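*Asks:* below are the sequence and a predicted model for it; my questions follow.
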Amino acid sequence: MALRNIENALPISQERPKKLPKLSKQPEIGLNDENNPVVLPESAIEYVASEDLKPIPDPESSVQRLLEELASKDWIKVCESLNNTRRFAIHHSSLLLPILEKLIVVMVKAMKNPRSALCKTSIMTCSDIFNAFGEKLFEKSHLKSMDDLILQLLMKASQDKKFVCEEADKALNTMVNSVARLPLLRKLQAYVRHSNPRVRAKAAVSTSNCVSKMELSEMEEFGMVLIAQMAADSLSDKLPEAREAARSMVNSIYDKFTWKEEEGEEETKHEAWQKFCEKNVTGLNAQAMIKIVSSQ
């Protein structure tokens with residue numbers, strides 16, 4: 001058998017060089033430009049309780065920069081600026097009055113941000129703003145922005161992220177305890193009939209809490225019949241939270257409706273309540289309202 005010429009032999013295959021693993025480029029903390037974006041986890045954001053927020057050393061000069069700092073494209077800086085806004089609200093609230101409308105717009109925008117840390121910080125800012133300004137928030141120049149703010153709080157309270165949801169619930173409770181009840185109830189009236197059932201339920205809870213704090217004169221000014229009809233609408237809602245809030249509201253209305261009746265005349269109270277419900281609320285809802293009071 002003829003031997004193959006070594007020059008015609010198959011070439012010896014050379015081993016391919018192994019690829020080196022790619023090294024991930026870690027950005028330097030503190031840089032935030034197009035070439036070195038900051039990549040920080042949202043868990044790195046610290047949520048500071050209101051009582052732990054200190055006064056600002058030079059508030060008069062610092063407030064001039066606040067809106068510019070809140071407009072930063074760096075979400076971490078916006079969180080820091082929102083915490084500074086909280087410090088102003090707690091310790092130097094009068095300095096925020098001239099820019100209050102613009103601050104509310106900023107808070108609404110931050111709540112819409114997909115970053116939960118930024119959203120939660122904005123909600124915490126809302127609570128401090130409610131405590132600081134109360135009835136001033138419903139003065140004419142703030143009406144439109146307050147509509148947007150309340151809607152966003154209701155939407156955040158009805159979402160699935162628990163720590164955002166809980167913070168929004170706290171802010172809504174602070175709102176009810178801080179602001180004027182009549183204008184607040186007028187705002188909430190639309191949301192009790194919102195197309196989103198979760199938003200409806202949260203609105204029903206806030207409405208019930210608001211009604212429970214109203215005096216008879218406030219109910220009469222708003223319209224006792226309107227309040228009863230709001231409660232009746234929620235009694236048949238698909239979510240238990242809304243139905244429970246409606247039952248609580250019915251009891252609050254009944255307590256104020258019958259307070260003039262003399263002690264011991266419970267039968268007279270129930271008769272007056274029955275006539276009121278049958279006259280002003282339709283069908284099954286009227287019977288449900290009568291039954292709620294009778295079962296107490």
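*Replies:* Received, thanks. Numbers count the residues shown, from 1 in each chain.

*Asks:* and the contacts of the lowest-mean-pLDDT helix or strand in the chain?
*Replies:* Across the helices and strands of the chain, mean pLDDT, DSSP states H and E gives its lowest value to helix 266-280, namely a mean of 89. Residues outside helix 266-280 that contact it (CB atoms under 8 Å, 6 or more residues apart in numbering): 225, 228-229, 254, 257-258, 261, 286-287, 289-290, 293-294. Quick note: C-beta positions are derived from backbone N, CA and C, even for glycine.

*Asks:* how about 7 Å then?
*Replies:* 225, 228-229, 254, 257-258, 261, 286, 289-290, 293-294 (CB atoms under 7 Å, 6 or more residues apart in numbering).

*Asks:* ok, now which ones touch H194?
*Replies:* Counting by CB under 7 Å, 6+ apart, the residues that H194 touches are 200, 203.

*Asks:* per-residue confidence for S141?
*Replies:* As predicted, S141 sits at a pLDDT of 78.

*Asks:* could you report the neighbour count for it?
*Replies:* Other residues lying near S141 total 9 when counted by other CB atoms under 10 Å.

*Asks:* list phi and psi for it.
*Replies:* Per-residue torsions, S141: phi -70, psi -20 (degrees, to the nearest 10).

*Asks:* next one: S236
*Replies:* Torsion angles, degrees, to the nearest 10, at S236: phi -100, psi 20.

*Asks:* now it: how far from V211?
*Replies:* Using CB to CB, to the nearest Å, S236 is found at 18 Å from V211.

*Asks:* more crowded one of the two?
*Replies:* Using other CB under 10 Å as the criterion, S236 and V211 rank with V211 on top: 26 against 12.

*Asks:* residue contacts, that one?
*Replies:* 227, 249, 252-253.

*Asks:* hmm, 10 Å instead?
*Replies:* By CB atoms under 10 Å, 6 or more residues apart in numbering, the contact list for V211 reads 176, 181, 185, 188, 218-219, 222, 227, 230-231, 245, 248-253, 256.

*Asks:* cool, and E215?
*Replies:* Taking CB under 10 Å, 6+ apart as the test, what E215 contacts is 181, 221, 256.

*Asks:* from I253, how far off is the residue nearest to the second one when sequence neighbours are not counted?
*Replies:* To tie it back to what came earlier, the one meant is E221. Computed as CB to CB, 6 or more residues apart in numbering, the closest residue to E221 that is not its neighbour in sequence is L182, at 6.4 Å. Applying CB to CB, the value for L182 to I253 is 15 Å.

*Asks:* what are the buried residues along the least confident helix or strand of the chain?
*Replies:* Buried residues in helix 266-280, defined by neighbour count with 16 or more other CB atoms under 10 Å: 269-270, 272-274, 276-277.

*Asks:* from the residues you listed, which is closest to D160?
*Replies:* Relative to D160, the closest of the buried residues of helix 266-280 is C277; by CB to CB it sits at 37.0 Å.

*Asks:* what's around the closest residue to that closest one other than its chain neighbours, how many residues?
*Replies:* If the residues on either side of it in the chain are set aside, C277 comes closest to A286, at 4.3 Å by CB to CB, 6+ apart. For A286, the number of neighbouring residues by other CB under 10 Å comes to 18.

*Asks:* now the residue nearest to R115 when sequence neighbours are not counted, what are its backbone angles?
*Replies:* The shortest distance from R115 to any non-neighbouring residue, by CB to CB, 6+ apart, is to W75 (5.5 Å). Main-chain torsions, W75, degrees, to the nearest 10: phi -60, psi -30.

*Asks:* how about the helices of this protein, start to end?
*Replies:* 59-70, 75-91, 100-112, 116-133, 143-157, 162-178, 181-191, 197-212, 216-222, 224-235, 240-257, 266-280, 283-294 (DSSP state H).

*Asks:* quick one: mean pLDDT over the shortest one.
*Replies:* Same thing as helix 216-222. 95.
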